[in-house]
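Chemist: Got a sequence here, can you build the structure:
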Amino acid sequence: MLTGKIKSLDDLDPNDARRHFDRFQPENFHHNIKLTDKFISLAQKKKCTPVQLGLAWILMQSELLIPIPGSTRAEGVEESLASLKVKLSDEEVKEIRDFVDKADFKGVRYSASHKAAWNLNG
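Modeler: So this is what the prediction gives:
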């Protein structure tokens, strides 16, 4: 959702598993997309992709915190690696932290059935 590539439920393949996630249900999706627009605008201001901004921000949090990006495309791997070149000021780190702290995404990350199927606790 934070990539900016999904703006409508029609952007998802009919068989996309995310269609079954609470955050992608119509009553939640439109609210959540509006929240992601703020993050996307922060990335545009920084002249990087939302993926790069997110990874760069995670890297700034702690030396003990290591992001593990995933991609099914070579371009996605290259995009993730380019996040190492994104430099954030203390003010930018704070701005993103404020966004994260205030973001009120609708819908649980994992439904009860997903938690049971994947043996997730909490």
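
Chemist: Could you list the alpha-carbon positions for the lowest-mean-pLDDT helix or strand in the chain in CSV?
Modeler: For the chain, using mean pLDDT, DSSP states H and E, the weakest element among its helices and strands is helix 112-118, scoring a mean of 77. This file holds the C-alpha atoms of helix 112-118, laid out as CSV (Å, rounded to 0.1, in the frame of the first residue of the first chain):
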residue,chain,number,x,y,z
ALA,A,112,-8.2,-14.3,13.4
SER,A,113,-8.3,-17.0,10.7
HIS,A,114,-4.9,-15.9,9.4
LYS,A,115,-3.4,-16.0,12.9
ALA,A,116,-4.8,-19.5,13.4
ALA,A,117,-3.6,-20.7,10.0
TRP,A,118,-0.1,-19.2,10.4
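
Chemist: which helices and strands does that helix pack with?
Modeler: Identification of packing neighbours for helix 112-118 by 3 or more CB pairs under 8 Å, 6 or more residues apart in numbering; DSSP states H and E yields no helix or strand. Yep, even glycine has a C-beta here, placed from its N, CA and C like the rest.

Chemist: what about the nearest residue to Lys5 once chain neighbours are set aside, neighbour count?
Modeler: Nearest in space to Lys5, with sequence neighbours left out and distances taken as CB to CB, 6 or more residues apart in numbering, is Asp11 at 7.0 Å. Residues lying near Asp11 (other CB atoms under 10 Å) number 9.
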